[in-house]
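>>> Provided below for reference: sequence and predicted model.
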Amino acid sequence: MAADSALLLSLVEEYVSGLQDSKAKDTATAVKNGEFTVLQLVEALGLSLTSSQPHTRARGVQLLSEVLHECYGGLTEKEVEVLLVFYENRLKDHHVITPPVLQGLRALTKCTVLPPGSAVSMLRSLFQDVHVQSLMLTERAYVYNMLINLMAIREAELKGLGADFVFGFVQSMDGERDPRNLLLAFQIAKGIVLRGYDLGKFTEELFEVTSCYFPIDFSPPPNDPHGITREELILTLRDVLTGTPGFAEFLLPLIVEKLDSDVQSAKLDSLQTLTACVSQYEHKDLAEFLEGLWASLRREVFQTSSEKIESAGLAAVTAITSCLSRSVLNSDSEDSLNTFLELVLKDCKHHLCEPDLKLVWPSAKLLQAACSASFRASCVITAAIMPSLIEQYTNRAQCSQRRTLLEVVQKFLQSVKTCQTSESEDSVFVAFRPSLCSMVFSALTETNSSLQVTACSVLTSLAQQPGLLLDSDIELAVDHLTRLLLTEQDHTVSVAVVECAGALAELHPAAFISNFIPRLKTEMFSEPIDQDNNRAESEQLSHHAVRQRCLSALAAVSIKPSVVQESTPVLLQVLSAAHTGGFSVEEVVLACRSLQRIAEQVPDSEETGRCFHDVIIPRLLSLALQAALQGEDGNRSPLLEEAVLSSMVPIISTSCSRLQPTLALQTASRAVSLFLDGDVSFLPDNSFPSNIQLLKQHSWTQSQMVCLLVGCVCSLPRSMEVPRVDELLSALEEMSCSVLHPLSYTSAAKCLSGLLNKKPHGDSLDSRIHSTMKRVCSELDSSSSSVHTQAFTLMIWVAKALLLRYHPLFTTLTDKRFFSENSAKLVQGFNAAPQEKKPNFLKALSNIVNKLPKQVQLTELPALLSLLLEALSCPDLGVQLSTLSCLQPVLVDPPPSLIQQLEALIGRLLALTGSPDMEVRISSLRCIHAVSQFPEHEILPVRARVLRALARPLDDRKRLVRREAVHARNDW
């Protein structure tokens with residue numbers, strides 16, 4: 001015990017008198033280990049704490065505070081109580097003692113055993129005896145952290161202080177300038193306003209002490225290590241200012257004042273703060289400021305050239321209108337919403353009568369912003385402006401003016417849709433339904449393409465609101481869309497028509513089933529004939545364009561299962577008709593793409609799944625097989641073309657991957673039986689021979705059908721096992737290395753690759769890979785083989801499959817072997833190449849070295865170092881980046897050969913810190929940073945040169961570059 005006491009006294013003496021700061025950590029360690037307690041430390045500090053010298057007393061208190069900072073978690077409630085009394089008394093001592101006292105109090109506020117009432121006692125002493133803003137930055141941070149800690153664990157006690165706590169905090173932060181401490185102070189103020197502290201008569205004082213920083217104009221220095229950002233300060237202060245309606249009478253005039261600023265960031269911050277605050281306010285908080293707020297918002301939207309300012313201003317208008325809409329009217333209360341909307345209508349409505357002037361759109365946007373806020377607001381605004389817009393449209397003759405008016409109407413339709421409370425609720429436009437329909441349908445009959453495009457958009461918006469289109473209107477709309485689709489040559493119009501048709505078909509499928517699809521089918525299968533009964537070239541082109549639009553439209557409208565049941569037979573009929581030459585290859589490909597789009601967008605249901613797996617896919621296989629068999633007789637069908645078969649594959653693969661997995665497995669099983677056994681029983685129009693062997697055919701017309709097998713089996717979910725997979729793999733391997741038709745052997749290799757990728761790990765997979773590679777190698781090694789290309793293609797696809805599943809066989813065949821076989825050739829090529837060709841060899845070398853494992857790099861580096869240094873001087877940015885990324889890990893543990901080249905390495909790295917490419921600058925700085933860890937005697941001669949050169953990147957325009965420069969320079 002005596003030894004422990006002597007040790008403690010020794011530690012205290014060495015810290016207080018010997019000024020050995022490290023003894024604080026030793027003392028804290030001893031307390032943690034139980035060699036003595038904190039109260040014993042206080043006793044040992046007796047002479048120091050009672051010394052007549054303030055600095056000696058300060059050292060004693062500082063030792064105690066630093067120990068508490070490490071050991072506060074092990075204190076008992078009694079110890080905390082004693083320490084609090086001691087520290088509160090020390091606050092009245094000399095000012096040099098205040099910093100360590102605050103440090104100790106901050107540690108005590110982290111204690112979970114803080115005695116009841118101690119928080120109040122501590123804060124009363126703090127607010128009474130300490131003038132916070134006369135302290136240094138660190139000590140002020142102690143105070144703010146104390147308040148944050150106490151608010152977290154003793155909130156009820158602090159609220160018991162009432163407004164005195166708020167007043168004490170206001171005095172503490174008044175005049176704070178440092179961003180780090182401001183962030184802490186804002187967090188405290190945020191807690192006060194959001195967690196229900198009593199502001200009392202100090203509401204205005206709290207607002208004034210925080211709002212003086214609004215709007216934030218802080219910009220962090222380039223090398224700021226603290227990470228305080230302007231955005232963080234803005235958002236935290238915004239939470240304070242918008243946290244209570246009690247600030248409304250002070251904040252709203254301040255925002256109006258700040259909106260007069262010429263600084264764009266100040267305007268933006270003010271508008272965003274306004275939007276945030278009114279979501280917390282009631283209508284009575286805004287009532288007296290509405291005119292001033294509206295005047296400022298109107299000016300910003302009318303006059304700004306910044307899209308951000310305009311968007312923020314419109315968002316504020318919406319927020320204010322929404323706030324006012326929440327008011328519940330009494331018989332004697334003023335309707336603030338109507339008051340505000342009258343201001344908006346007064347300043348904006350008349351501009352809508354001037355569709356050629358620039359204020360039409362700002363006015364329309366302001367009205368739409370208010371309209372989208374609530375149903376009440378939309379009723380008032382639409383009732384006021386819609387009659388005027390309809391009248392304007394009727395009276396205006398110019399298409400450009402009519403288009404502008406239609407676009408304004410569409411924006412109002414969209415804005416009202418956002419505020420509707422339910423789908424069943426009638427639209428506020430119901431009263432104007434006949435006029436709106438008349439406007440749209442008349443625009444669709446115009447010859448102006450821009451007007452027609454706008455009309456299609458408005459028609460879509462009308463359809464999306466309940467009650468605006470009757471059944472008769474839908475039928476008329478379908479007639480107009482069909483007419484435009486079949487007659488209008490303008491591409492933009494046809495695109496708009498197709499999009500509109502798709503939107504309407506999802507909402508009203510019956511009209512498209514009964515009218516739209518039959519008329520498109522009739523048009524597609526009609527034949528334009530001239531007087532001489534010969535098709536003119538222009539008519540062919542025109543009819544081809546119509547067919548293109550029809551095929552695209554059939555896909556667009558096919559979203560509902562009922563529509564899909566009607567549209568897909570038409571598309572399949574196009575493929576069937578291709579056999580007789582009724583459709584071109586391009587048109588057949590478009591039909592396949594339409595089927596693919598339907599498979600991608602249709603909902604996954606039993607009905608749609610059966611449509612694709614039981615009807616469409618068997619039909620596609622049947623048509624392809626029919627074409628293949630006909631091809632042998634000399635009648636070549638468009639379905640034999642590679643473009644057509646390739647466009648069929650995504651239809652099948654999409655169906656198998658996203659529509660009804662169980663049915664997809666059934667499709668795969670049928671396809672396997674077809675290709676292995678010639679089972680054609682599931683195909684429609686079954687008139688095929690029974691002895692078909694598609695995977696053993698040397699007839700290209702039949703063998704190329706294997707590409708369809710890829711879609712059937714390779715798109716199944718990995719959890720589903722492909723039927724008869726081993727038998728299928730053997731047949732595909734044989735086909736890949738025997739047939740001569742490129743599409744056939746490439747598709748067979750793809751299919752085999754996909755099946756290998758799905759096959760589970762194990763001996764079966766390894767055996768299959770080895771047997772396949774043995775076959776490939778035997779073909780490639782044989783000089784008499786006629787299938788070198790086929791074998792090489794198979795090897796490529798197998799390698800892809802192994803790469804995707806990271807099979808070890810693939811990795812052992814690649815990087816190291818490739819490097820060992822080619823690095824010497826690259827070095828020789830570099831030495832022999834002319835100057836303009838040398839960068840090519842450097843690029844290749846740096847890339848293959850970069851892919852090697854680190855241990856291999858260390859082994860190979862000495863022989864290649866001179867070339868890699870040369871690569872750093874190459875003007876090609878890709879070479880520079882690749883070489884730097886190769887060098888960086890090697891520099892962490894450099895081989896002797898690299899250290900010997902230090903001068904050359906440093907020179908090239910420093911040159912790259914001025915590169916125009918940011919990634920090169922960052923990588924070079926990271927390498928320079930790594931070099932700082934070389935043996936000191938090696939880097940000392942270049943230290944001054946490096947430090948001078950690093951001054952430039954410290955002022956780089958990019959923050960990420962500056963950060964790397966700071967790290968590098970600090971270590972150097």
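Cool, got the structure. Numbering: from 1, shown residues only.

>>> please make it C-alpha for all contacts and neighbour counts, starting now.
Will do.

>>> what about the closest residue to K349 other than its chain neighbours, neighbour count?
In this structure, K349 finds its nearest non-sequential neighbour in I385, 6.7 Å apart by CA to CA, 6 or more residues apart in numbering. The number of residues packed near I385 is 20, by other CA atoms under 10 Å.

>>> could you look up the SS state of I385?
helix (DSSP: H, G, I helix; E, B strand; the rest coil).

>>> and it, how far from I922?
58 Å (CA to CA, to the nearest Å).

>>> for G829, see how far away the residue nearest to K349 is.
For I385, the distance to G829 - CA to CA - is 78 Å.

>>> where does pLDDT dip in the stretch 151-300 of the chain?
For the stretch 151-300 of the chain, the stretches flagged by pLDDT under 70 are 223.

>>> where do the helices sit along the stretch 1-150 of the chain?
Under the criterion DSSP state H, counting those that start in this stretch, the stretch 1-150 of the chain carries helices at the ranges 2-16, 22-32, 38-44, 46-49, 54-71, 77-90, 98-108, 118-129, 137-153.

>>> buried ones in the second one?
Of the residues in helix 22-32, those with enough neighbours to count as buried (16 or more other CA atoms under 10 Å) are K23, A24, T27, A28, A30, V31, K32.

>>> same thing with the longest one?
Residues of helix 54-71 classed as buried under the neighbour-count rule (16+ other CA under 10 Å) are 54-71.

>>> how far does that helix sit from the chain's center?
50 Å (CA atoms, centre = their mean, to the nearest Å).

>>> how about the fourth one?
For helix 46-49, the distance between its averaged C-alpha position and the chain's averaged C-alpha position is 61 Å (CA atoms, centre = their mean).

>>> would you confirm that L590 contacts Q548?
Yes: contact criterion CA atoms under 8 Å: L590 and Q548 qualify, at 7.0 Å.

>>> between these two, which one's more packed in?
L590 (20 against 17).

>>> Q596 and E446: what is the separation?
Distance from Q596 to E446, by CA to CA: 34 Å.

>>> who has more neighbours out of the two?
Q596 (21 against 13).

>>> any stretches of the stretch 1-150 of the chain with poor pLDDT?
For the stretch 1-150 of the chain, the ranges with pLDDT under 70 are 1-4, 18.

>>> recalculate using a threshold of 80.
Within the stretch 1-150 of the chain, the ranges that satisfy pLDDT under 80 run 1-7, 18-20.

>>> where does the stretch 401-550 of the chain have low pLDDT?
In the stretch 401-550 of the chain (pLDDT under 80), the answer is 417-427, 527-541.

>>> what do you get if the cut-off is 90, keeping everything else the same?
Residue ranges of the stretch 401-550 of the chain with pLDDT under 90: 401, 414-428, 464-467, 488-489, 526-544.

>>> name the secondary structure element that contains the residue nearest to the spatial centre of the chain.
Centroid-nearest residue in the chain, with CA atoms, centre = their mean: E231, separated by 19.4 Å. E231 is part of helix 230-241 when elements are defined by DSSP states H and E.

>>> next, the angle helix 230-241 makes with the helix or strand following that helix.
Downstream of helix 230-241, the next assigned helix or strand under DSSP H and E is helix 248-258. For helix 248-258 against helix 230-241, the angle by axes from the mean of the first three to the mean of the last three CA atoms, to 10 degrees is 140 degrees.

>>> elements contacting helix 248-258?
Helices and strands touching helix 248-258, as assessed by 3 or more CA pairs under 8 Å, 6 or more residues apart in numbering; DSSP states H and E, comprise helix 264-278, helix 283-286, helix 290-303.

>>> and the gap between the nearest residue to T229 once chain neighbours are set aside and L237?
Distances taken as CA to CA, 6+ apart put P220 closest to T229, at 6.4 Å, once the chain neighbours are dropped. P220 sits 17 Å away from L237, going by CA to CA.
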